[in-house]
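Student: let's see this in three dimensions:
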Amino acid sequence: LTLFTNASGGTAPYTFDWTGPGGFTSNVQDPVIPNATASNSGNYSVQVTDSNGCSSTVISTLVDITTQPNVPIVSFNSPVCEGESVTFSTSNYPGSQVSYTWTGAGVPPNTTGNTFTINPATVSDAGNYTVFVTVDGCASDTSSPAALVVNPLPGAPAPSFASPVCEGDTLSFLANPPAG
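Tutor: Below you'll find the model as predicted:
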């Protein structure tokens with residue numbers, strides 16, 4: 001977290017008097033709070049004093065630090081056969097503005113929810129799928145890739161039988177697997 005202020009008017013050099021939550025104080029023009037957490041949220045105030053000892057009005061600003069969402073974990077049913085349905089999902093994250101950004105070959109356009117379905121799945125839908133979540137303006141890291149496997153269907157067999165068959169003879173059918 002970096003706090004900024006601009007001093008103008010009066011006579012330079014200026015001194016700065018910052019205060020904030022948890023006993024925060026600083027006399028640096030643009031103080032930095034490394035590794036800020038939600039506990040650093042609150043009102044920060046600054047007053048500028050010029051070299052003549054004249055002080056500005058105290059100005060305050062509210063800083064709201066949102067906790068980064070946990071990395072989402074993708075659940076899905078794989079492998080599937082071509083033509084079957086596959087559903088991807090992750091946890092439903094709480095927040096006033098939540099969106100899910102999915103990547104992968106079969107993600108339907110404009111998918112922003114925590115679940116989506118590909119139906120029917122095709123071989124071209126196979127591959128890695130990931131998601132990250134944005135909660136109230138703060139984005140999670142991207143999930144680990146979820147590898148969707150879509151197995152192609154075998155071709156239709158070519159049944160055959162010896163013809164003609166005389167009444168009383170044994171009728172035998174043969175199913176030859178498809179070529180390829």
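
Student: backbone dihedrals for the closest residue to Asn92 other than its chain neighbours, please?
Tutor: Nearest non-adjacent residue to Asn92, counting by Cβ to Cβ, 6 or more residues apart in numbering: Asn114, 5.1 Å away. No exception for glycine: its C-beta is placed from N, CA and C like everyone else's. Note on Asn114: backbone dihedrals following degrees, to the nearest 10 are phi -90, psi 0.

Student: is Asn114 in contact with Tyr93, as I believe?
Tutor: Yes: using Cβ atoms under 8 Å, Asn114 makes contact with Tyr93 at a distance of 7.3 Å.

Student: three-state assignment of the residue nearest to the spatial centre of the chain?
Tutor: In the chain, the residue lying closest to the centroid (Cα atoms, centre = their mean) is Phe132, at 0.8 Å. On the three-state scheme (DSSP: H, G, I helix; E, B strand; the rest coil), Phe132 is labelled strand.

Student: how near is it to Asp125?
Tutor: 20 Å (Cβ to Cβ, to the nearest Å).

Student: now do Asn151
Tutor: From Asn151 to Asp125 the distance is 12 Å (Cβ to Cβ).

Student: of those two, who's got more company?
Tutor: Neighbour count, other Cβ atoms under 10 Å: between Asn151 and Asp125, Asp125 has more, with 19 against 14.

Student: the more buried one contacts Asn119, correct?
Tutor: No: taking contacts as Cβ under 8 Å, Asp125 lies outside contact range of Asn119: 10.2 Å.

Student: overlap in contacts of the two?
Tutor: Val86 (Cβ atoms under 8 Å, 6 or more residues apart in numbering).

Student: and stretch 64-78, how far out from the chain middle?
Tutor: 6 Å (Cα atoms, centre = their mean, to the nearest Å).

Student: shaky segments in this structure?
Tutor: 161-162, 175-180 (pLDDT under 70).
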